[in-house]
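Colleague: After the sequence you'll find the predicted model.
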Amino acid sequence: GTFTVERALEGLDSGTYLAFLSHSGSRGTGAAVADYYSKLAQRLLPDLPRELRHLAWLDMDEEGGEYWAAMELMGQYAAANHACIHRHIVERLGAEVLLDIENHHNFAWKEEHGGREVIVHRKGATPAGQGVLGIIPGSMASPAFAVRGKGDHDSLLSAAHGAGRVMSRKKAKKTLDWRDAE
């Protein structure tokens, strides 16, 4: 049948297509934006106990709205990076794109849950609203999965995060040596 996004994951036999997965982001600017506003929130709430300072918040009618706009811009920038990378790879391969799934992570969305508008930060987990296509990444050595959301509100419309790390990047740099990799 005709290939459509609604039927994107149906009828694809193993070995009949090539899937290309890249991980790209806002090249550090998104993290800088988040860091700036996190520190601002902490300065604006100096009475929070030390152990709770990392939970400081911003009012959406004030600085929080500014942060929201900056975060949205960084999300658009990250998506543009992803699109450029894929466009260049596809051009070089001379391939036909059947489906392109762009999967934000370390991002937040305004959604309705329990009859209230809330902000959901999935901290890397995949959005999984009813019928939404997403990617659950594997590690460098394990497969990734293209998935279609079930729209389960008990999971806040989220699927699994996917790949994790055995150790932090900092610990890996101290512990591992490229010469030992085969």
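Modeller: Here it is on my side, so go on.
Colleague: Nearest residue to the middle of this protein?
Modeller: By Cα atoms, centre = their mean, the chain has its centre lying nearest to His105, at 1.4 Å.
Colleague: Just confirm it is within a helix.
Modeller: No - applying DSSP: H, G, I helix; E, B strand; the rest coil, one finds His105 to be coil, outside a helix.
Colleague: In space, what's closest to it - neighbours in sequence excluded?
Modeller: Gly124 (4.4 Å; Cβ to Cβ, 6 or more residues apart in numbering). (C-beta placed from N, C-alpha, C; glycine too.)
Colleague: The one you found: what's it in contact with?
Modeller: Neighbour list for Gly124: 105-106, 161-162 [criterion: Cβ atoms under 8 Å, 6 or more residues apart in numbering].
Colleague: Run the chain-centre distance for the longest helix along the chain.
Modeller: Longest helix in the chain by number of residues (criterion: DSSP state H): helix 63-93. Put simply, helix 63-93 sits 11 Å off its chain's centre (Cα atoms, centre = their mean, to the nearest Å).
Colleague: Might you list the low-confidence residue ranges for the chain?
Modeller: 1-6, 8-9, 12, 14-16, 140, 163-165, 182 (pLDDT under 70).
Colleague: Could you rerun that using 90?
Modeller: Scanning the chain for pLDDT under 90 picks out the ranges 1-28, 30-31, 78-79, 81-83, 95-109, 111-114, 118-127, 131-148, 153-156, 158-182.
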